[in-house]
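Peer 1: Generate a structure from the sequence data that follows.
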Amino acid sequence: MSSQGISDSGYDDSSYSDGPLLGREPRHTANTEGKNENGSNNPSGSSLNVARPSTQNLYQTQLDMGVPATKRCQVCGMHYNATLAHDRRLHDKYHSGIVEAKQPKNVSAGINLWEKYDGTNHHLIRVIDHRASAALKDAARKAIDATVPQLGGWDQQYNHRDLWALITNPDDEHDLNEVPRYKIYLYLINFEVFGVLLVERIAVGVLYYSGPVIYNKEGRIPEEVVRDSPLDETQEFVYADEKYDCYMGIDRIWVRREMHRNGYARQLLNHALSTFIPGMTVSKAQISFSQPTLLGREFASSYCRGVFKDGLFLTDLGHNLPRVQDGILHSS
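Peer 2: Next up is the predicted model:
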């Protein structure tokens, strides 16, 4: 794993929200609405006949002390439950990403990709990779932290050092020149971060499908059956048989909530297509989206509309999704 109006691509984005969009499936769901987490501390593998905690769902009790549990930070604007440690940690990450990720004005050549002035506001798109200064890298990492409450914890799956790693070219293992694994694109207004795009160098993508139920374990369902099926019966899967050459994987894309529907996500992605690989413009048929949120799926589908006949957009096989292989639907 953003916002819109009529974009420079000519597509009317106003029908889609492109706020928190894309991010790899988080290990823990961000609880920004003050909901409690359920769990059990029943140990497994023990054969002793001893008393064990009940396996029924447990709920955290909140005492009403006359002070509202949910509060809004006056600095970063995030609503969170101050009585829950998990919410406080998410707020700290978001707060740091919004407040401390403000970018320096003076940077080396090649980092600023685009800018415009809108009245007193200075809009700017920047790319940060392994060549950037330590200060720019640190601010960019904090900007990624701001996406955590909506898109899950990036650092739960990677070490932050991976952001600046050089890897063997995924498209040519004999290439002696290593390539950056990631690049971070930032949408800035007056040097404050309003949009984040994290992209990864990859080699292969597969078509993602979401819609009416058209496959089961017996194969493709006859069209007349699909036509008569309930409207609320849907499925999602990937076509695992046919693989596409990909060069750029969208790991996450995000725009601050108050700036939705302004086209920032689309502008970030457009600039990434033309600058991610030096000397090459990546096409929409050569990008892969990580398993997105619902809003992210709408954005990815609209961005790649008309590119693929049988699918919405490309993703990778690493997600826990059902797959159609040899004409049969296989569970994940």
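Peer 1: Go through the longest strand seen in the chain and flag the buried ones.
Peer 2: Counting residues, the longest strand in the chain under DSSP state E turns out to be strand 234-245. Using 16 or more other C-beta atoms under 10 Å as the test for burial, strand 234-245 gives Phe237, Val238, Tyr239, Ala240, Tyr244. Just so you know, the C-beta spots here come from the backbone N, C-alpha and C atoms, and that holds for glycine as well.
Peer 1: State the pLDDT value of the last one.
Peer 2: Per-residue confidence for Tyr244 comes out at a pLDDT of 95.
Peer 1: So in that sheet, which strands flank the longest strand of the chain, and in what orientation?
Peer 2: strand 204-212 (antiparallel), strand 323-325 (parallel) (DSSP bridges).
Peer 1: which parts of the first one are buried?
Peer 2: Neighbour-count burial for strand 204-212 flags Gly205, Val206, Leu207, Tyr208, Tyr209, Ser210 (criterion: 16+ other C-beta under 10 Å).
Peer 1: The third one: what's it in contact with?
Peer 2: In this case it means Leu207. Val238, Tyr239, Glu242, Tyr244, Phe308, Asp310, Gly311, Leu312, Phe313, Leu314, Thr315 (C-beta atoms under 8 Å, 6 or more residues apart in numbering).
Peer 1: Also the last one?
Peer 2: By C-beta under 8 Å, 6+ apart, the residues touching Ser210 are Thr234, Gln235, Glu236, Arg297, Leu312.
Peer 1: State the distance from the residue nearest to the last one when sequence neighbours are not counted to Val238.
Peer 2: What that stands for is Leu312. Spatial nearest neighbour of Leu312, excluding adjacent residues (C-beta to C-beta, 6 or more residues apart in numbering): Ser301 at 4.5 Å. Counting by C-beta to C-beta, to the nearest Å, the gap from Ser301 to Val238 is 14 Å.
Peer 1: I figured Ser301 hits Phe313, correct?
Peer 2: Yes - with contact defined as C-beta atoms under 8 Å, Ser301 reaches Phe313; the gap is 6.2 Å.
Peer 1: Looking at the two, which is more packed in?
Peer 2: Phe313 (26 against 17; other C-beta atoms under 10 Å).
Peer 1: Surely Arg227 forms part of a helix?
Peer 2: Yes - under DSSP: H, G, I helix; E, B strand; the rest coil, Arg227 falls within a helix.
Peer 1: ranges for the helices of the stretch 1-150 of the chain?
Peer 2: 85-99, 134-145, 148-151 (DSSP state H, counting those that start in this stretch).
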